[in-house]
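1. I'll drop the sequence and a predicted model, then ask my questions.
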Amino acid sequence: MDRISSLPKGILHDILGRLPDKDAAKTCVLSKSWRETWFSFPILSICSKNFLSFHGLPLSTENSLWLGKFDIFIEYVSKRLMRLRDQHLTIKEVKLDLSFIIEPRQVDHHIDQWIQIAIESGVQVLELSLTGGSTGN
């Protein structure tokens, strides 16, 4: 085990908090310790575009590839929030950019659930970005 991985979770979370979001997310592949650190990181910054964008493919709720990615996105956000709640960890920030959602009504009940989980977990900052059907371009 490397020396950094053996640092207390609070310090590791501070390190993740200083990284750009994409780089912080990439740390979960470094080791089991970093994966556990990522999944207990109390700052969630999730952009739907990272899950749902396709180069050259039209966005459509009738596209099975898009629908599969959409399901993965919903499951990822839900699992991250529930994992923090189940571990009784305070969530510092939740930033959700849902601008790549074709039909915002598709996620209404999920958004309600995510906000409820965040509130139950003592969220300090909650940011939602909705554009009402924009393709994110």
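-> All right, it came through fine. Remember, predicted model here, so these are calculated numbers, not experimental data.
2. hey, let's count contacts and neighbours off CA atoms from now on
-> Noted.
3. which outside residues touch the longest helix belonging to the chain?
-> When the chain is parsed with DSSP state H, its longest helix is helix 64-86. Contacts with helix 64-86, where a contact means CA atoms under 8 Å, 6 or more residues apart in numbering, come from 39-40, 42, 46, 48, 51-52, 59-61, 90-91, 110, 114, 117-118, 120-121.
4. Mind giving me the PyMOL select for those residues, buried ones only?
-> Command for PyMOL that selects the buried part of these, burial taken from 16 or more other CA atoms under 10 Å:
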select buried, resi 39+40+42+46+48+51+52+59+90+91+114+117+118+121
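5. In strands only, show me the contacts of helix 64-86.
-> Among the contacts of helix 64-86, DSSP state E puts Ile46 in strands.
6. Sort out for me which of the contacts of helix 64-86 are in helices.
-> Among those, the members found in helices (DSSP H) are Phe39, Ser48, Phe51, Leu52, His110, Trp114, Ile117, Ala118, Glu120.
7. what comes up buried for stretch 81-89?
-> In terms of neighbour count (16+ other CA under 10 Å), stretch 81-89 has its buried residues at Leu81, Met82, Leu84, Arg85, Leu89.
8. between the residues you listed, which is nearest Asp97?
-> Each of the buried residues of stretch 81-89 was scored against Asp97 by CA to CA, and Leu81 proved nearest at 15.2 Å.
9. any idea how far the closest one lies from Ser129?
-> 17 Å (CA to CA, to the nearest Å).
10. cool, and Ile15?
-> 26 Å.
11. show me what contacts Val123?
-> By CA under 8 Å, 6+ apart, the contact list for Val123 reads Thr90, Ile91, Lys92, Glu93, Val94.
12. Serialize those to CSV and add fields for distance to Leu30.
-> Below are those laid out as CSV (distance: CA to CA, whole Å):
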residue, distance to Leu30
Thr90, 25
Ile91, 23
Lys92, 24
Glu93, 24
Val94, 24
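13. Now render these as a markdown table, adding pLDDT.
-> Below are these laid out as a markdown table (pLDDT from 0 to 100):
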| residue | pLDDT |
| --- | --- |
| Thr90 | 89 |
| Ile91 | 91 |
| Lys92 | 91 |
| Glu93 | 92 |
| Val94 | 93 |
